[in-house]
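In: Need coordinates for the following:
(chains A and B)
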Amino acid sequence: MNQFIQSLVDAISAGAVLGLAALAIGLVFGVIRLANFATGEIITAAAYSLILTWHLGWYVSIPISILVAVGISLLMELAVFSRMRKAGPATLLIASFGLSFLLQRVYELIFGNNVRTAPVASELAQSVEVGGIRIQMLSVTTIVLTAVLLIALQLFLTKTSLGLQLKAAAADFRTARLVGIPAGRVIGLSFALSGILAAAVAFVLTVQSGAVGPDFGVRITILALVGAVIGGIDKISGSLAGGFVVGFATSMLAAWLPEGMTNFKDAFVFVLVIAVLLFKPSGLLIKGRGVVRT
Amino acid sequence: MSTADTRQGLHVKDLEVAYNGVPAVRGVSFEVNAGEAVGLIGPNGAGKSSTLLAIMGATPRSGLVTVHGVDIAGLAPEKVVRTGLALVPEGRHVFTELSVADNLRLGAVARRDKSTFKEALEYVLDLFPILRDFGHRQAGLLSGGQQQQLAIGRALMSDPDILMLDEPSLGLSPTAVDSVFEALDVVRKAGKAVLIVEQRAEFTIAFSNRTYVLHDGVITLSLKPEDAENVDVLTEAYFG
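Out: Predicted structure coming up:
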């Protein structure tokens, strides 16, 4: 029983972090139909920042990593995606693949192929015992961090004019512009928020591993993309929920699959994905088959 | 943006729109002055919606479009709204997951005078009292007629001088259509210009100061309100 509760907390934590990563992708997709595969490299950049500046103190390192993530995210938009406004989602996705590979090579050139290490918030890697159950501090921190970010995002999206504009643009970009919502403003905002979420993901992953290499953000981005699609990338809440489901399922499978099969946990997750896409091709949270937007 | 002339209202001259080289609107010219309603009717595919979208800067076009004498060539839709034009799109396109109040707040994003937001909101809520009762309701839960009222209210929140509507009667009950056109009459009498694109010819011709018939992207007829009951004219309008 105790083992189950421990794995449940870990799975909720894994779901939360993947939910954040999927949300980072879904926010941008909602506005400009870009499933940004290079979100992984934003995560990687934030992780390098943490590793390289952690010795300066968390109060310096964390803000730097957020600034770097937001900066890279906005730079991607300005340098690449803003020049492809008329491209369809498939072209944008391919462009983001290209950007992802390019940035991985750039990181390799700058930081080398070997991983860089630092004990980022190593105290969070410890476990605490609560009522006879050992729980990792990092799992609890991840769940709290995700909850705080989601509440803040929800307040921003519902209580501020800028947030409402972003929400409207994510729901129906063309109508939002016809209503008078400036396209550049909401697109920039979506990339900035995506950067903040990517920095949060980078923090959790860096604490977990204590090491970062050029392809650090790739695996979580693939899973987050998959999560966003099965949840319904058309909706912000769909991306979040889908990411959570994939993260939760992956963690639970890792904990409960018979020994020798845990290496196949991702394969089992993708079987789940195929099943969802067969029965709900537009995503779990989208009613009907979804709407093709023009 | 350059000053072309000093005329008020919307002036469209030699408007051309093409999709992948196929012309949809060919040399359309008309004007809509303050306090008047102008109709644009024609069968499906005549180029009516393309005309409105082109005026709003939402689709590429050539030709001259001026608002109060100012050429709005090359302006993005969000900037066109700030010149005093507003479009109620076909199919209403309210933000279904947002509340009625939030939809109206978003309409005010492009207001030129933000200090009069409350007065504008009261004006819209007096025009469509149902929106006052349903302020916190999710827009997607409103009926079609109520959504149309919300879409018009949202457009009015930007304080437009020229209100353009694309098929406002589409999918609405006769009662709902009546209430929409009654509201548009109030808007017109308040001095705003109204441009209505419709398939319901009789209704539009009777309501508008003048109505243009569009066929294959070309204006083929100009009708007066009294033509609404002339069957021959209506037949000509639709079948050429």
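
In: Can you pull the residues of the stretch 51-200 of chain A lying near chain B?
Out: Contact residues, the stretch 51-200 of chain A versus chain B (Cβ under 8 Å from any Cβ of the partner chain): A:158, A:161, A:164-165, A:167-168, A:171-172, A:174-183. Quick note: C-beta positions are derived from backbone N, CA and C, even for glycine.

In: Filter the residues you listed down to just the ones in helices.
Out: The helices, defined by DSSP state H, take in A:158, A:161, A:164-165, A:167-168, A:171, A:174-179, A:183 from these.

In: out of those residues, which are buried?
Out: A:164-165, A:167-168, A:171, A:174-179, A:183 (16 or more other Cβ atoms under 10 Å in any protein chain shown).

In: Just the strands from chain B, written as ranges.
Out: According to DSSP state E, chain B carries its strands in the segments B:10-19, B:22-32, B:37-41, B:62-67, B:70-71, B:85-88, B:162-166, B:193-198, B:210-215, B:218-223.

In: okay, these in TSV with distance to A:Gly242 next?
Out: Output for those, formatted as TSV (distance: least, Cβ to Cβ, whole Å):
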stretch	distance to A:Gly242
strand B:10-19	35
strand B:22-32	39
strand B:37-41	44
strand B:62-67	43
strand B:70-71	47
strand B:85-88	34
strand B:162-166	35
strand B:193-198	39
strand B:210-215	45
strand B:218-223	49
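
In: Out of those, which one sits most buried?
Out: Of these, the one with the most neighbours on average (mean count of other Cβ atoms under 10 Å in any protein chain shown) is strand B:85-88, at a mean of 28.

In: Remind me what that one packs against, helices and strands.
Out: helix B:48-55, helix B:144-156, strand B:162-166 (3 or more Cβ pairs under 8 Å, 6 or more residues apart in numbering or on different chains; DSSP states H and E).

In: let's see it at 6 Å
Out: helix B:144-156, strand B:162-166 (3 or more Cβ pairs under 6 Å, 6 or more residues apart in numbering or on different chains; DSSP states H and E).

In: between those, which gets nearest to chain A?
Out: Nearest of the helices and strands packed on strand B:85-88 to chain A, taken as Cβ to the nearest Cβ: helix B:144-156 at 6.5 Å.

In: Would you mind listing the buried residues in the closest one?
Out: B:145-156.

In: Next: stretch A:228-239.
Out: A:228-236, A:238-239.

In: likewise stretch A:207-215?
Out: A:207-215.

In: elements contacting the helix or strand containing A:Val246?
Out: In this assignment (DSSP states H and E), A:Val246 forms part of helix A:236-256. Helices and strands touching helix A:236-256, by 3+ Cβ pairs under 6 Å, 6+ apart, are helix A:2-32, helix A:218-231, helix A:265-279.

In: Please name whichever of those helices is nearest to chain B.
Out: Nearest to chain B, of the helices and strands packed on helix A:236-256 and by Cβ to the nearest Cβ, is helix A:2-32 at 11.4 Å.

In: what angle do the closest one and helix A:218-231 make?
Out: 80 degrees (axes from the mean of the first three to the mean of the last three Cα atoms, to 10 degrees).

In: quick one: helix A:2-32 near chain B?
Out: No. Against chain B, helix A:2-32 shows no contacts by Cβ under 6 Å from any Cβ of the partner chain, the least distance being 11.4 Å.

In: for that helix, packing partners?
Out: Going by 3+ Cβ pairs under 6 Å, 6+ apart, helix A:2-32 lies up against strand A:133-136, helix A:137-159, helix A:161-171, helix A:183-209, helix A:218-231, helix A:236-256.

In: B:Gly217 touches B:Gly27, doesn't it?
Out: No. Using Cβ atoms under 6 Å, B:Gly217 makes no contact with B:Gly27, being 8.2 Å away.
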